[in-house]
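S.K.: sequence plus predicted model, see below.
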Amino acid sequence: MRISKYTVHYLYFRILLIFAISISSCRSHKETIKIETTKNTTTSKKVQEKYAIILKVDKSKIENIKLYAFIDEWYGTPYKYGGKNKTGIDCSNFTSTLYSSIYNKSISGSSSSIFEKCSTISKSNMEEGDFVFFKIDGNKVSHIGVYLQNNKFVHATAKKGVMIDDLDEPYYKKYYFKSGRINN
């Protein structure tokens, strides 16, 4: 049986076409991976630069990118007493959500019940991820935030939602009670 010249060219063309498609699909897949990696690196750098400015520290000090990306995602979420999601959240639920997402630790309850589960530490010994407690409403702990660095902390405020403030701001200085670290 003799194969015609047309059949050979047709087969040759089909093989080349299949080869070209397989190479191009692999190449585009690699390019996609490269783009995603670049986006993550760019996002990390943007988060690092943004929070270095907010915290007034060198960007090399912003090491826990996961923490700051989490804060960035929640920043500005409105306050809602008892709220637990991005339509509204209160200070203790924000702290619990942050701790679960970033540190894989489960904490729950009101700010005063979280305080009961902590060891108190001095302000000078605070580290990123420690808690700051405030007595705003009377004699018991009524507000909680998570310490970041350079005297700054993140929390859910009743007026402006999730935001970063400074412990030396007169309002927070007045109501600051203690700092704490969760017991393991």
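M.R.: Good, I have the coordinates.
S.K.: and residue 136, what does it touch?
M.R.: 142, 143, 175 (C-beta atoms under 8 Å, 6 or more residues apart in numbering). Where you see a C-beta, it was placed from the backbone N, CA and C, and this is true even at glycine.
S.K.: residue 89 too?
M.R.: With C-beta under 8 Å, 6+ apart, residue 89 has these contacts: 74, 77, 78, 79, 80, 83, 97, 156, 161, 162.
S.K.: kindly recompute the last result at 6 Å.
M.R.: Residues near residue 89 by C-beta atoms under 6 Å, 6 or more residues apart in numbering: 77, 83, 156.
S.K.: which of those fall within strands?
M.R.: residue 156 (DSSP state E).
S.K.: who wins for most neighbours among the contacts of residue 89?
M.R.: Taking other C-beta atoms under 10 Å as the neighbour criterion, residue 156 ranks highest of the contacts of residue 89 with 27 neighbours.
S.K.: that older thread, closest one of the contacts of residue 89 to residue 150?
M.R.: Nearest to residue 150, judged by C-beta to C-beta, of the contacts of residue 89 is residue 156 at 20.4 Å.
S.K.: residues near residue 60, how many?
M.R.: The number of residues packed near residue 60 is 8, by other C-beta under 10 Å.
S.K.: surely it is in a helix?
M.R.: Yes - under DSSP: H, G, I helix; E, B strand; the rest coil, residue 60 sits within a helix.
S.K.: so it versus residue 69, what's the distance?
M.R.: As defined by C-beta to C-beta, to the nearest Å, residue 60 lies at a distance of 17 Å from residue 69.
S.K.: now swap in residue 162 and tell me
M.R.: Look at residue 162 and residue 69: by C-beta to C-beta, they are 14 Å apart.
S.K.: who has more neighbours out of those two?
M.R.: Higher neighbour count among residue 162 and residue 69: residue 162, with 21 against 18, using other C-beta under 10 Å.
S.K.: how is the more buried one assigned, secondary-structure-wise?
M.R.: Secondary structure for residue 162, judged by three-state DSSP, is strand.
S.K.: enumerate every residue touching it.
M.R.: Going by C-beta under 6 Å, 6+ apart, residue 162 touches 74, 75, 77, 156.
S.K.: farthest-apart pair in those residues, please.
M.R.: Greatest spatial distance among these (C-beta to C-beta): 75 and 156, at 10.5 Å.
S.K.: how about the most centrally placed residue in the chain, what does it touch?
M.R.: Residue closest to the average C-alpha location in the chain (C-alpha atoms, centre = their mean): residue 70, at 1.5 Å. The contact partners of residue 70, taken as C-beta under 6 Å, 6+ apart, are 101, 102.
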